[in-house]
Structure formats: structure tokens, C-alpha cells
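Undergrad: Just a sequence and a predicted model for now, questions to come.
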Amino acid sequence: MPIAKPADGCYWTRTATDRPFPTLTGPLEVDVAVIGGGIVGVMAARLLKDRGQRVAVIEACEVGRGVTGRSTAKVTAQHALFLSRIEERHGQDAASCYAEANRAGVALIAELVARHGIACAFEPAPAIVYATTDDGAERIRAEAEAARRAGLAMHLTEDAGLPYPVTAALRLDGQYSFHPVHFVAGLAATIPGDGSHVFEQTRVTSWDDTGVETARGRISARRVIMATHLPLGQVGQFHAHNAPHMHAIIAARVDRASAPQVMAISADEPKRSVRSHRDPDGAAMLIATGPTFKHGDADAEVKAFADLEAFAAEHFGAGEPVFRWTNEDYTPRDGLPYVGWSGSNGDSPLVATGFDAWGISNGAAAAAILADLATGRDNAWAATFDASRHSAKGLGTMVAEGLEVAKDLVGGHLAPHSGNAREIKPGKAAIVEIAGRATGIYRDESGRPHAVSAVCTHMGCLLGWNPVDRSWDCSCHGSRFATDGAVLHGPAIEPLEAVRIEQEEPA
Ligand SMILES: Cc1cc2nc3c(=O)[nH]c(=O)nc-3n(C[C@H](O)[C@H](O)[C@H](O)COP(=O)(O)OP(=O)(O)OC[C@H]3O[C@@H](n4cnc5c(N)ncnc54)[C@H](O)[C@@H]3O)c2cc1C
Ligand code: FES
């Protein structure tokens, strides 16, 4: 099935109320500088302000519209089959800690929504993980046992509340869904004042243990929290310890009666994750995501959307999606997020990454850990999530652990196309060789070409095209760039170089 409308945008960011924050206009001093205005950065800043700290959230783009604002936005401590996997790899204490941190993360979000009266469609919904095969049912039962040992009150049920047969299902009540941009931006709006600030359109370009530099001035700080989803540049080498993955997401109108009453995720492949949302006009929306694909693999992306849309139409009667978008996260190499000091010396930036598509509740727990560490308090979960634990292991271990990161450096999976820029049709893109350089050319609907270097500014991998979001994406460590070269997602910090191409007649 071809993608009829290739760039309709993300439902959450397109339906978010505009709530702009100022840009930085000059030097400033705070106690804690927080780089990144996603769920981790904004929640950490709020918790720090509650302790009397002066904070500055510094957001390169717009608050809440990064990975958080492009997620399926389930606020749940049930993460598919994570507890059995964590228990197997790290032992029962680690699984109990993970369960407790995420249960507390959900409760913290609920408490902040209530305390600050944040209008973010915060609705109760049970979470379900279900199987459709006998093997999957076995794994669901193992997860039920692991959840029992970890103290998370899940129960096996015959009734998954889904319109297709399942072989087993595990349910966790008392969970929520929300509008992620409204939550993060609404919480951010409570921060400015009494020496605290939130800045947008202010990109951090460098940092040290005395603060951060931006193109718009320096912010001095006693502590720096880098809440940029993946730490920037070479910080802690986290890019080599987390495998990036991309997903297709759709928002499609469905009949109210067909909208799922549960937030469900499959234990079997192909991965399916669904939830409902009520549009402001009262219409029921199905939010659904599917299996992973590699950044910049346009064919796999087209297939992922076609497959997801067919599933949504068959089982939920969904029509043509109103919105299509992609989103990414990182699988940490040993299965646990990395939260805390990025190095072992205690003056490196504090970081949080490796949420493996469960960074809402994990992100809330991470914010609590970061706020404690930044203010010298003990935190009961910090040792389990310790971000510096990976420094003892090398890349050899990573390969043994089955992660495919840190490869595809220059000459990676997409060979430069040798064709002519004129062959690129409006709305399409390709990598062509110009003066010996791999150049990414996107021709907009009016026929105007936009040409940039197709070499990632992080570590030199060749980029690939994302046809739905119209971005240049890097399969090595997940950086993403707009068609004008601007950084959309790190670890890259520098934009792609613009490339001049010969004047030409529109194709
Ligand atoms: C398809 C998909 C669905 C998901 N669904 C769920 C779900 O239902 N439930 C769940 O728990 N999790 C889900 N997740 C995971 C979750 O959304 C993320 O793990 C989490 O939102 C990450 O939050 P964050 O604050 O770390 O990152 P972000 O929200 O990306 O925030 C980081 C911010 O840092 C900013 N930034 C980057 N570089 C700079 C710089 N140099 N200077 C200043 N600012 C900078 C970015 O612009 C961005 O706004 C999903 C993930 C995917 C991929
Ligand atoms: S993100 Fe690391 S090379 Fe592109």
C-alpha cells in the first residue's frame, strides 16, 4: 500500500496548544542547567525547583516536542516482558527496583498533573501485554511470575479487551494515557520565576562542570543535567552502548465502539502497540505503532506504515490515518536504562538514556534520580540504573550482547546514488554524488531542491532518507536532520553543511 500523504506530521505536536517560551538573550547564572526540555529534563527541573534550586531548562527546539511528544504516550509501569528479561540478566533485586521505580514514576506524573492542574487528557486506562501464539503465552506467564516476585500487581486474564483472539494476557490496572506535549509544556510553564527559567530555540553547543555554552550566551551552573534523550557528542560514549531503533506511528479515526478500552502491546512479533485518545471534537482516535526498522531505510519505513495501517483497518476499522510520523528510542546493551553520572568522577554531566521505548515512567523515575544526585541526596534506585556502569565494558561485550551499534561508519548501508539531481521528483529525495561528495537532495513540492551533505556530523556515517517525516536520519546512533541540515535529534550537535548545486530547471 503506497503512502498517500507522506508527511502529515505528529498528532501530538500538531494538536498542541502553542505555549512559546523565550530564547536566551544573554549570560545567566543558576544552580542547575538542564539541557533538553523533554519529560526527563522538565520533570527534573520541576523537582529541583521544589527543593529551592534555581534551574534553567535549555531546549534547542520546542519544549515537549522531541521524542516524548512523538510517543504513544502510555503512562504505565507495565513494559511488555521487561521484568522477566531484567530478572534473567540482572537478578531479582534489579527487577524489583525497576518495577518500583516505574510504579513511582507513574505516581509522580499523576501527582504533578493534579498538583499543577495540568490539562493534558490524563485518563485512567489498564495496560495489557498479550500473546497470540503458544510460545508468547508461555512468556506472558513467565512475566506474570516475574511481576509477582517484583511486587507489581499484574494479573493474568482471559479477556484482553481486544477485537482478536489472544492466547494469554497480563493486565496492570491503575495506569494512564495522556497528551505528552500538553503534559511536558504544561509542567514547564510552572518553572519560570524566582531565578528559574525555561528557554526554547536555544541550542547548547558545549558544556563543562561550570555550565553550558549556547549560541545565545553562557549559562553558569553548579551542576549540568544532559536530558537530551541520548547524551550529546561523545559524552560517556553512550552512543556505543545503545542501539537506535525507529518506529512508524499512526493516528486514525475509529468508531467509539471500536476504540480499544485498554492500552495494549503484543508479546509476539510483529510488535503492535495501541491505545485510544479522544480528539477535542469528541472523535475517537486510535494511536498505534509497530515493529522497529532501521533509521534511513526508506523501503522498510514504507513497509512498516503499510503493515501498521492494514492491521489498524482490519481490527479496529480505522480509516486512512489522519497523522503519520516516526519516532525513535534506544535499546541499552544490558537491558537497563542508564541514569546518573556519565563518568565515574562525579563532576561529569548527569544523564538519562536507554529507555527502550518506555521513557515516560522511566523518564519520571530518571528525573527523580537526577534531582537527588544533583543535590547530593541518596537515591534508592541510583545503583541499579548507574549510568557509569558501562565504562567497565568494551565494544566486544556489546557485540556479544547482540547490539548492532557503532557500525555503518562512512560507506554504510546506503551507497551514494550516482544519478542526476534533476531525476529527483517533487516530494522525493535521493543521495547523489556532487564533486565527489555524498549529497542529500530533497526536492520540495514546488520543485525547489534542498541540498546538504549526506554525512552525519556526529561520527561520519552516511545518512538515509525518512520519507514520512522528510528528514535525513543516521542508522549508526540515531541523529536526525531537517532538509535544511538543522539537527532534529542528537547525538549530533552540528548541522549538516549546505551544498550549492548548479542552477537547474525544475524537474
Ligand atoms: C514509537 C515510540 C513510542 C513510545 N511510546 C511510549 C509510551 O507509550 N510510553 C513510554 O513510557 N515511553 C514511550 N516511548 C519512549 C519515550 O517516549 C522516550 O523514551 C522518552 O520520551 C524520552 O524522553 P527524553 O526527555 O529523554 O527525550 P526527549 O523528549 O527527546 O527530550 C530531549 C530534548 O532535548 C533537546 N535537545 C537535544 N539536543 C539539545 C541541545 N544541544 N541543546 C538543547 N536541547 C537539546 C531535544 O530537542 C528534546 O526536546 C516511546 C518511544 C517510541 C520511539
Ligand atoms: S549519529 Fe553517530 S554517526 Fe550519525
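TA: Great, that's in hand. Residues are numbered from 1 along each chain as shown. Ligands and ions are numbered 1, 2, ... in the order given.

Undergrad: what comes up buried for stretch 481-499?
TA: Across stretch 481-499, burial judged by 16 or more other C-beta atoms under 10 Å covers 481-483, 485, 487-493, 495-496, 499. Where you see a C-beta, it was placed from the backbone N, CA and C, and this is true even at glycine.

Undergrad: Now do it: distance to the chain's middle.
TA: 18 Å (C-alpha atoms, centre = their mean, to the nearest Å).

Undergrad: Do it and ligand 1 come into contact?
TA: Yes. Stretch 481-499 lies within reach of ligand 1 by C-beta under 6 Å from any ligand atom, at G490, I493.

Undergrad: right, and I118 touches F183 too?
TA: Yes. Counting by C-beta atoms under 8 Å, I118 touches F183, with 5.9 Å between them.

Undergrad: In terms of neighbours, single out the busier of those two.
TA: F183 (29 against 20; other C-beta atoms under 10 Å).

Undergrad: Would you mind measuring from the more buried one to S177?
TA: 11 Å (C-beta to C-beta, to the nearest Å).

Undergrad: and if you look at I191?
TA: I191 is 24 Å from S177, by C-beta to C-beta.

Undergrad: same check, this time on G233
TA: Distance from G233 to S177, by C-beta to C-beta: 34 Å.

Undergrad: Check the stretch 401-507 of the chain for the residue nearest ligand 1 and tell me.
TA: For the stretch 401-507 of the chain and ligand 1, the shortest gap (C-beta to the nearest ligand atom) falls at G490, measuring 4.7 Å.

Undergrad: So the nearest residue to that residue once chain neighbours are set aside, which state does it fall into?
TA: Leaving out its chain neighbours, the residue that sits closest to G490 by C-beta to C-beta, 6 or more residues apart in numbering is L232, at 4.9 Å. Secondary structure, DSSP: H, G, I helix; E, B strand; the rest coil: L232 is coil.

Undergrad: List the contacts of the most centrally placed residue in the chain.
TA: Residue closest to the average C-alpha location in the chain (C-alpha atoms, centre = their mean): V67, at 3.4 Å. Residues counted as contacts of V67 (C-beta atoms under 8 Å, 6 or more residues apart in numbering) are G38, H229, N327, E328, D329, G359, H489.

Undergrad: pLDDT wise, what is it at?
TA: Here the pLDDT value assigned to V67 is 98.

Undergrad: From ligand 2, how far out is it?
TA: The spacing between V67 and ligand 2, counted by C-beta to the nearest ligand atom, to the nearest Å, is 15 Å.

Undergrad: Can you report phi and psi for that residue?
TA: phi -60, psi -40 (degrees, to the nearest 10).

Undergrad: and the gap between it and G359?
TA: For V67 relative to G359 (C-beta to C-beta), the value is 7 Å.

Undergrad: Between these two, which contacts overlap?
TA: By C-beta under 8 Å, 6+ apart, the residues touching both V67 and G359 are H229, D329.

Undergrad: ok, and of the buried residues of stretch 481-499, which contact ligand 2?
TA: P491, A492.

Undergrad: Sort out for me which of the buried residues of stretch 481-499 are in strands.
TA: Counting by DSSP state E, the part of these found in strands is F481, V487, L488, H489.

Undergrad: Reformat those residues as JSON lines; add pLDDT.
TA: Converted to JSON lines, those look like this (pLDDT from 0 to 100):
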{"residue": "F481", "pLDDT": "98"}
{"residue": "V487", "pLDDT": "97"}
{"residue": "L488", "pLDDT": "97"}
{"residue": "H489", "pLDDT": "97"}
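
Undergrad: Pick the one among those residues closest to F355.
TA: Of all these, H489 has the smallest distance to F355: 14.0 Å, by C-beta to C-beta.

Undergrad: Thought H477 was touching the closest one, still the case?
TA: No. Using C-beta under 8 Å, H489 makes no contact with H477, being 9.9 Å away.

Undergrad: who touches both of the two?
TA: Joint contacts of H489 and H477 (C-beta under 8 Å, 6+ apart) are L230.

Undergrad: Excluding chain neighbours, give the residue nearest to the residue in the stretch 151-300 of the chain positioned nearest to ligand 2 in space.
TA: Closest residue of the stretch 151-300 of the chain to ligand 2, C-beta to the nearest ligand atom: H239 (5.6 Å). Closest residue to H239 apart from its sequence neighbours, by C-beta to C-beta, 6+ apart: H477 at 3.8 Å.

Undergrad: residue contacts, that neighbour?
TA: L230, H239, A240, N242, P244, V405, A406, H458, M459, C461, P491.

Undergrad: Please repeat the previous calculation with a cut-off of 7 Å.
TA: L230, H239, P244, V405, H458, P491 (C-beta atoms under 7 Å, 6 or more residues apart in numbering).

Undergrad: Flag every buried residue along stretch 10-29.
TA: Of all the residues in stretch 10-29, those buried under the rule 16+ other C-beta under 10 Å are C10, Y11, W12, T13, T15, A16, F21, L24, L28.

Undergrad: Now do the residue nearest to G490 against ligand 1, distance only.
TA: 6 Å.

Undergrad: tally of neighbours for that residue?
TA: Residues near L232, counting by other C-beta under 10 Å: 26.

Undergrad: Look up the pLDDT of it for me, please.
TA: Looking at L232, the pLDDT reads 97.

Undergrad: hang on, isn't it packed against H489?
TA: No. Counting by C-beta atoms under 7 Å, L232 stays clear of H489, with 10.6 Å between them.

Undergrad: Backbone dihedrals for G464, please?
TA: Torsion angles, degrees, to the nearest 10, at G464: phi -130, psi 160.

Undergrad: any idea how far it lies from V455?
TA: On the measure of C-beta to C-beta, G464 and V455 end up 12 Å apart.

Undergrad: where do the contact lists of these two overlap?
TA: Going by C-beta under 7 Å, 6+ apart, no residue sits against G464 while also sitting against V455.

Undergrad: Which one of these two is surrounded by more residues?
TA: Taking neighbours as other C-beta under 10 Å, G464 and V455 compare with G464 leading, 26 against 21.

Undergrad: List the residues that contact the more buried one.
TA: So, once contact is read as C-beta under 7 Å, 6+ apart, G464 ends up touching H295, G296, D297, A298, L414, D473, S475.
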